[in-house]
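K.L.:
here's a sequence, model it:
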Amino acid sequence: MTSPYFDGILFVGFGGPTPGCCERFAPCPGTEALCFVKAIIGERRGADARLAEVAAHYAHLGGFSPFNALTLQQIRAVAARLAAAGWQVPVRVGMRYWPPYVRDVLRGMATEGRRRLLVVILSPFQCSASWEAYQQVVHQGLEALGSDAPQVTYLDPWSLHPHFIEAVAETIHQASAPLGAARAQEAALLYTAHSIPLSMAAVAPYTQQFAATAAAVAQRLGRQQYRLAYQSQATGTPFPWLQPAMDDAVQQVHAEGYRDLIVAPIGFLCDHVEVLYDLDIQTHATALACGLTYNRAATVGTQPAFLHMLSTLLAARLQHG
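P.N.:
Predicted structure coming up:
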């Protein structure tokens, strides 16, 4: 069946470097990772050290990111669920910082004659660096199309949706299983999301959504004790960022006498370098240096509950507008 309200679905993600030219810079700065990080950081003063630092994280993991491939798995799985439910609607994904760029995907959908798009922002928590920036990229793509631009409607935020909470809880349950039930309940549970500047957080629901999601997951797990921390803070900036940082939080856990640590990256929807390097290498090393066991929960990825949430939310909008 077709929707009377929408004739296409567009997922919008951050993107990650994959083999091949990004077509952003001439001449090319060097590796794909350098191009990717430069596109994010820009030409601001003093950015060279941060550019080299983050590009080295990618180099340590082979020079590329699994983000695009993992995101495509999520979108294909959602599209398959919609098709199984009888919906005949094209589902596409566009990236902010790497091909396929949002602007190019929008142009392709417009060329296909798509006039009313339902857009999904692939970020659980809202701030100007996530939702607003993604919407701005969509807006720029639409402006470039002029009169051929389709109308867009955004799927509402879903960070407290019961199936998202279920998916996150399941990842933590799986990560804590090797400890055994009793020991897992005694382990320190540390939720993490990407740090942002305090000035940005002050005018966004980001920290409130993060805290509310963490509380809902803890309740589902039957836990009363947990804590929040922030990761991947930019270095060398003149303004303060959200705290505590991950290393500080891990050291505090150790100081309080815990022996086991469970880290849940609930601010991220799939594994990419800020999870695979910042958590699995840097935070892991800090935990081991403190004598803690380290158990990192998976991102929600293709957890059935997460896919069910997205497909049912989309189906409801396709049917009712």
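
K.L.:
distance of Gly321 from Pro157?
P.N.:
Between Gly321 and Pro157 the computed distance is 18 Å (CB to CB, to the nearest Å). (C-beta placed from N, C-alpha, C; glycine too.)

K.L.:
higher neighbour count, those two?
P.N.:
Each of Gly321 and Pro157 has its neighbours counted (other CB atoms under 10 Å); Pro157 has more, 15 against 12.

K.L.:
please spell out which residues along stretch 171-185 are buried.
P.N.:
Within stretch 171-185, the residues that qualify as buried are Thr171, Ile172, Ala175, Ser176, Leu179, Ala184, counting by 16 or more other CB atoms under 10 Å.

K.L.:
and the fourth one, how far is that from Gln219?
P.N.:
What it means is Ser176. For Ser176 relative to Gln219 (CB to CB), the value is 16 Å.

K.L.:
pull the most distant pair out of the buried residues of stretch 171-185.
P.N.:
In those, the most distant members under the criterion CB to CB are Thr171 and Leu179, with 14.6 Å between them.

K.L.:
which residues in the stretch 151-300 of the chain form helices?
P.N.:
162-176, 181-186, 198-201, 206-221, 246-255, 273-276, 284-289 (DSSP state H, counting those that start in this stretch).

K.L.:
okay, the ones you listed in JSON lines with distance to Ala26 and mean pLDDT next?
P.N.:
Formatted as JSON lines, the helices of the stretch 151-300 of the chain follow (distance: least, CB to CB, whole Å; pLDDT from 0 to 100):
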{"stretch": "helix 162-176", "distance to Ala26": "41", "mean pLDDT": "98"}
{"stretch": "helix 181-186", "distance to Ala26": "53", "mean pLDDT": "94"}
{"stretch": "helix 198-201", "distance to Ala26": "32", "mean pLDDT": "97"}
{"stretch": "helix 206-221", "distance to Ala26": "35", "mean pLDDT": "98"}
{"stretch": "helix 246-255", "distance to Ala26": "37", "mean pLDDT": "98"}
{"stretch": "helix 273-276", "distance to Ala26": "25", "mean pLDDT": "96"}
{"stretch": "helix 284-289", "distance to Ala26": "38", "mean pLDDT": "98"}
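
K.L.:
what's the closest of these to Glu143?
P.N.:
Between Glu143 and those, the tightest spacing by CB to CB is seen for helix 198-201, at 24.5 Å.

K.L.:
can you list the buried residues in the closest one?
P.N.:
Going by neighbour count (16+ other CB under 10 Å), the buried part of helix 198-201 is Met200, Ala201.

K.L.:
do stretch 49-61 as well
P.N.:
Arg50, Leu51, Val54, Ala55, His57, Tyr58, Leu61.

K.L.:
got the contact list for the fourth one?
P.N.:
Right, Ala55. Thr31, Ala33, Leu34, Val37 (CB atoms under 8 Å, 6 or more residues apart in numbering).

K.L.:
verify the contact between the second one and His60 for me.
P.N.:
To tie it back to what came earlier, the one meant is Ala33. No. Counting by CB atoms under 8 Å, Ala33 stays clear of His60, with 10.1 Å between them.

K.L.:
now stretch 25-38: buried residues?
P.N.:
Buried, per 16+ other CB under 10 Å, within stretch 25-38: Pro29, Glu32, Ala33, Leu34, Cys35, Phe36, Val37, Lys38.

K.L.:
just stretch 65-74 next, same as before
P.N.:
Residues of stretch 65-74 classed as buried by neighbour count (16+ other CB under 10 Å): Ser65, Pro66, Phe67, Asn68, Leu70, Thr71, Gln74.

K.L.:
need these in TSV (columns: secondary structure, pLDDT and distance to Trp98).
P.N.:
Formatted as TSV, these follow (DSSP: H, G, I helix; E, B strand; the rest coil; pLDDT from 0 to 100; distance: CB to CB, whole Å):
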residue	secondary structure	pLDDT	distance to Trp98
Ser65	coil	95	8
Pro66	coil	96	12
Phe67	helix	97	8
Asn68	helix	97	7
Leu70	helix	98	13
Thr71	helix	98	11
Gln74	helix	98	16
